[in-house]
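Engineer: What shape does this take:
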Amino acid sequence: MLHLTKVAVGCSDADLLRARLTGRAEGGETYITTRYRPTRHAELIGGSLYWIIKHQLVARSRILRFEEDERGHCLIRLEAALVSVRVRPKRAHQGWRYLTGADAPTDLGGDTDDLATLPTGLVRELASLYLI
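Structural biologist: Numbering: from 1, shown residues only. As a prediction, the model looks like this:
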């Protein structure tokens, strides 16, 4: 499975990103706009867009499809749900970068994940110290 990474510009934490995506959600979907469609867009459908905040991968949104808006820009349609992932360091970049399934961080949550019970800020701090 192929994924994308993208910087959540202007978002200081995952809660702010969640609020931004929820604000434009409709019918269980949300979107982001970008100037150019990724070259490998067909491989990305069903994958996820992993969000970078403060030089860390912190969450993901599942990619549903790609569309074009009236200006010719690319709309990336995403599931409205933002899934927290095990925080992983990732340098910021412009545009997007591809991420293979083997390199993608795992989701937080589930019965076997003790980290899901910790506050987001604490998880982020532990990850920044490379303790998790």
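
Engineer: now this structure, which segments are flagged as low pLDDT?
Structural biologist: Under the criterion pLDDT under 70, the flagged ranges of the chain are 110-117, 120, 124, 128, 130-132.

Engineer: For the strand of greatest length in it, buried residues please.
Structural biologist: For the chain, the longest strand by residue count, based on DSSP state E, is strand 56-68. Applying a neighbour-count criterion of 16 or more other CB atoms under 10 Å, the buried positions in strand 56-68 are 56, 57, 58, 59, 60, 61, 62, 63, 64, 66. Quick note: C-beta positions are derived from backbone N, CA and C, even for glycine.

Engineer: what does stretch 78-89 give?
Structural biologist: Result for stretch 78-89 [16+ other CB under 10 Å]: buried residues 78, 79, 80, 82, 84, 85, 86, 87, 88.

Engineer: ditto for stretch 88-103
Structural biologist: 88, 90, 96, 97, 99.

Engineer: Need the contact partners of it.
Structural biologist: Residues outside stretch 88-103 that contact it (CB atoms under 8 Å, 6 or more residues apart in numbering): 1-7, 34, 36, 38, 40, 47, 49-50, 52, 55-57, 105, 127, 130.

Engineer: who's in contact with stretch 27-42?
Structural biologist: Under CB under 8 Å, 6+ apart, the answer for stretch 27-42 is 2, 4, 6, 21-22, 24, 44, 49, 61, 64, 66, 68-69, 73-80, 95-96, 98.

Engineer: Give me the subset of the residues you listed lying in helices.
Structural biologist: The helices, defined by DSSP state H, take in 21, 22, 44 from these.

Engineer: which stretches of the chain form strands?
Structural biologist: According to DSSP E, the chain carries its strands in the segments 2-7, 29-34, 48-53, 56-68, 74-79, 83-89, 96-100.

Engineer: Tell me which of those strands approaches residue 118 most closely.
Structural biologist: Proximity to residue 118, assessed across the strands of the chain by CB to CB, is greatest for strand 83-89 (10.6 Å).

Engineer: Compute the inter-axis angle for the closest one and strand 48-53.
Structural biologist: Angle of strand 83-89 versus strand 48-53, following axes from the mean of the first three to the mean of the last three CA atoms, to 10 degrees, is 60 degrees.
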